[in-house]
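1. from the sequence below, what's the structure:
(one chain, ligands or ions: 2)
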Amino acid sequence: MNTILAIDDLVKRFAGLTATDHVSLNVATGHIHALIGPNGAGKSTLINLLCGELIPNEGRITLLGEDITACPAAERMKRGLARTFQITNLLNDFTVQQNISLAVQARQGNNFRILDTARGRVSILTEVDELLAASRLEPRRDVVAGNLSSGERKQLELMMALAGRPKLLLLDEPMAGLGRLESQQMIETLRGLRGKVSMLLIEHDMEAVYALADRISVLVYGRVILTGTADDIRASDEVRDAYLGLEDELC
Ligand code: ADP
Ligand code: MG
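-> Ligands and ions are numbered 1, 2, ... in the order given. The predicted structure is shown next:
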């Protein structure tokens with residue numbers, strides 16, 4: 001199986017606390033790999049290490065066969081890594097279409113000369129249309145971002161991350177703050193992206209994790225205690241103990 005991301009023996013210490021404790025895990029190309037774990041387990045720290053916002057004390061991160069452990073964040077993005085944030089980061093006075101259009105242009109290197117040619121404009125619009133079609137935002141393309149629901153904002157944010165044509169998408173709780181219907185819609189959208197982009201998905205909503213994940217890793221006190229399928233996770237006493245009091249979430 002092809003590995004898009006390999007994490008080897010990664011360690012991150014904050015004064016007196018090992019937030020990432022010899023973590024090793026591989027994300028297979030094309031997979032949706034979920035990362036779950038209780039609060040304070042080190043999920044966000046791991047994402048920050050992968051994006052280059054934090055530098056590890058030990059260990060190695062390999063993206064597409066290349067060691068990126070010491071690469072700056074911008075270089076990692078160029079190599080195919082993208083993340084979505086829990087905090088939405090949209091231009092509220094701009095329409096859905098304009099926001100996506102800016103994200104497409106940003107990937108093309110802020111080369112505004114592309115807008116001087118009809119072909120350049122058409123190529124941007126074609127890409128914007130493809131992204132709108134992959135989301136639930138097609139009927140909302142002319143609405144300003146400030147008037148979107150929280151679920152629609154999350155969809156837009158996801159499409160803007162995809163505009164960078166990442167190979168691996170790091171998703172930081174895409175269902176957080178969403179109602180049931182909006183969560184279902186996000187699950188559908190992510191399912192539609194399966195095979196087009198590999199994903200590392202941090203998510204508390206176990207229904208979403210079970211619906212989407214090819215592989216699940218469980219992080220507890222900075223350590224990966226298990227990587228396996230949904231059935232492996234459900235059957236594990238160690239995972240159950242880590243979630244004591246939250247058993248219902250794992251059923
Ligand atoms: P999670 O996202 O799984 O809830 P975090 O990665 O945010 O967990 O945090 C893991 C542990 O590392 C926590 O104990 C947290 O308090 C600690 N931590 C996170 N970031 C920092 C930091 N910048 N400085 C010191 N401690 C931190
Ligand atoms: Mg967190």
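
2. what's the distance between residue 123 and residue 79?
-> Relative to residue 79, residue 123 is positioned 23 Å away (CB to CB, to the nearest Å). Any C-beta I mention is one placed from the backbone N, CA and C, and that applies to glycine too.

3. same question for residue 67.
-> For residue 67, the distance to residue 79 - CB to CB - is 11 Å.

4. ranges for the strands of the stretch 1-150 of the chain?
-> Under the criterion DSSP state E, counting those that start in this stretch, the stretch 1-150 of the chain carries strands at the ranges 3-14, 17-28, 32-36, 58-63, 66-67, 81-84.

5. which other residues reach stretch 124-136?
-> The contact list for stretch 124-136, computed with CB atoms under 8 Å, 6 or more residues apart in numbering, reads 96-97, 100-101, 104-105, 108, 114-115, 138, 141, 152, 155-156, 158-159, 162-163, 185, 188-189, 192-193.

6. one more: stretch 29-37?
-> Residues outside stretch 29-37 that contact it (CB under 8 Å, 6+ apart): 1-4, 25, 27, 43, 46, 190, 194-195, 198-204, 206, 209, 212-220, 233, 242.

7. just the ones of those residues in helices?
-> In helices, judged by DSSP state H, the following of the contacts of stretch 29-37 are found: 43, 46, 190, 206, 209, 212, 233, 242.

8. top of those by neighbour count?
-> In terms of neighbours by other CB atoms under 10 Å, the ones in helices among the contacts of stretch 29-37 top out with residue 46 at 28 neighbours.

9. need the pLDDT of that residue.
-> On pLDDT, residue 46 comes in at 96.

10. that one contacts residue 20, correct?
-> Yes - proximity of residue 46 to residue 20 meets the contact threshold set by CB atoms under 8 Å, at 5.8 Å.

11. overlap of the contact sets of the two?
-> residue 10.

12. give the contact list for the residue positioned nearest the centre of the chain.
-> Central residue of the chain (CA atoms, centre = their mean): residue 171, 1.9 Å from the mean position. Applying CB under 8 Å, 6+ apart to residue 171 gives the contacts 83-84, 158, 190, 199-203.

13. what does the chain have sitting close to ligand 1?
-> Within the chain, the residues that sit near ligand 1 (CB under 6 Å from any ligand atom) are 14, 17, 19, 37, 39-45.

14. check which residues of stretch 123-140 are buried.
-> Buried residues in stretch 123-140, counted by 16 or more other CB atoms under 10 Å: 124, 127-128, 131-132, 134-137, 140.

15. could you do stretch 72-88 as well?
-> For stretch 72-88, using 16+ other CB under 10 Å, the buried residues are 76-77, 80-84, 88.
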